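# sequence first, then the predicted structure:
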Amino acid sequence: MTTPTLIPYITHLKLGQIPNNTNHMSRHFALLPAAGVGARMGADFPKQYLELAGRPMIWHALRAFETHAAISRIYVVLSAADGYWEGYDWSGFAKLSVLRCGGETRAQSVLNGLEAIADEVAEQDWMLVHDAARPCLSRALLDKLLEAVRDDAVGGILAAPVADTLKREGHGQRIRETVPRQGLWGAQTPQMFRYGLLREALRRAGAEVTDEASAIEHLGLSPLLVESDASNLKVTFPHDLEVAGWWLDRCSK
Ligand SMILES: Nc1ccn([C@@H]2O[C@H](COP(=O)(O)OP(=O)(O)OP(=O)(O)O)[C@@H](O)[C@H]2O)c(=O)n1
Ligand SMILES: C[C@](O)(CO)[C@H](O)COP(=O)(O)O
């Protein structure tokens, strides 16, 4: 059911109007979907628990938000069947709340998490949704997103302009066509939207959208692209883990 106050809000946004009082003391919350199984990684257990620089991979993404003063709380969405989380010491994370409401898809996990915190977050508070599989999020990139989106009426995402020439596959893994890359960006996370708008967008979009911005776009809105870089990679395939380790080592120097 659409929150009545949201319909005029969305209409305003579509007209390019920024409703007033949207930035009064809005807090910032992180939500990390971490209920995946890591099938493409091919490990014996979910990739968010693979060791990276001496810690479970998810530790690094959580740390980026725990150490940032602008973030009020961190919600991590786990599978109800996750038997790994309890095996680690999370006592160093004062802001952390665990939500065992993961869904069949990433979008469902995020929406389940948003529904679960409805009594703790206000409609106009900012949600920063970040993949647990992006362990190298730097303070500089997080600051850049927070600053760029802070007064934005819609919200925005970290993303990187596509550098490679893109090919669409045809039959037998052969090239069917080249896809023009002008104006193409690779979406990353965090993706930063106001709680009420994001929850409504995901309720309407269904479980198959692959990022939060897609759901916002389905409302007819255009999130801001905030330029990121290759350091904010998503650990998806086995070789990505070594690359992530290199970035973490480089950034720790
Ligand atoms: N049902 C799901 C699927 C994914 N995720 C989370 O969404 C993030 C990005 O998803 P992805 O990289 O695809 O992780 P997996 O789904 O685990 O990987 P795969 O698709 O290879 O199984 C990850 O932190 C993952 O844990 C989630 O919370 N719930
Ligand atoms: C959200 C995301 O990281 C943006 O690129 C991506 O869509 C996640 O996709 P996945 O297949 O769930 O990893």
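Cool, the structure landed. Ligands and ions are numbered 1, 2, ... in the order given.

# might you enumerate the residues of the stretch 1-150 of the chain proximal to ligand 1?
33-40, 47-48, 77, 102-106, 109, 131-133 (Cβ under 6 Å from any ligand atom). Yep, even glycine has a C-beta here, placed from its N, CA and C like the rest.

# may I see the PyMOL selection of the buried members of those?
Here is the PyMOL command that picks out the buried ones among these, judged by 16 or more other Cβ atoms under 10 Å:
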select buried, resi 33+34+35+36+38+47+48+77+102+103+105+106+109+131+132+133
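
# filtering the residues of the stretch 1-150 of the chain next to ligand 1 by proximity to ligand 2, which remain?
Counting by Cβ under 6 Å from any ligand atom, the members of those near ligand 2 are 106, 131.

# give me the nearest residue to residue 177, chain neighbours excluded.
Closest residue to residue 177 apart from its sequence neighbours, by Cβ to Cβ, 6 or more residues apart in numbering: residue 168 at 4.9 Å.

# tell me where the protein has strands.
Secondary structure of the chain by DSSP state E: the strands cover 28-33, 51-52, 55-56, 71-77, 96-99, 126-129, 156-161, 166-169, 175-179, 185-194, 224-227.

# show me what the first one is packed up against.
The elements that strand 28-33 packs onto, with contact taken as 3 or more Cβ pairs under 8 Å, 6 or more residues apart in numbering; DSSP states H and E, are helix 57-66, strand 71-77, helix 106-116, strand 126-129.

# and for the residue nearest to residue 177, the neighbour number?
When neighbours are defined as other Cβ atoms under 10 Å, residue 168 has 9 of them.

# who touches the residue in the stretch 1-150 of the chain positioned nearest to ligand 1 in this structure?
Per Cβ to the nearest ligand atom, residue 36 is where the stretch 1-150 of the chain lies closest to ligand 1, at 2.1 Å. Residues in contact with residue 36 (Cβ atoms under 8 Å, 6 or more residues apart in numbering) are 46-48, 102, 106, 109, 132-133.

# keep only those of the residues you listed that are in helices.
Using DSSP state H, 106, 109 are the members of the contacts of residue 36 that sit in helices.

# ok, for residue 105, nearest residue in space, not its chain neighbours?
Per Cβ to Cβ, 6+ apart, closest to residue 105 is residue 207, 4.5 Å.

# and residue 180, what does it touch?
Contacts of residue 180 (Cβ under 8 Å, 6+ apart): none.

# follow-up on the earlier one: looking at the helices and strands packed on strand 28-33, which is buried most?
strand 126-129 (a mean of 27; mean count of other Cβ atoms under 10 Å).

# partner strands of that strand and their direction?
Strand 126-129 pairs in its sheet with strand 28-33 (parallel), strand 185-194 (antiparallel), by DSSP bridges.

# can you redo these as CSV with distance to residue 175?
Output for the strands paired with strand 126-129, formatted as CSV (distance: least, Cβ to Cβ, whole Å):
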stretch, distance to residue 175
strand 28-33, 34
strand 185-194, 20
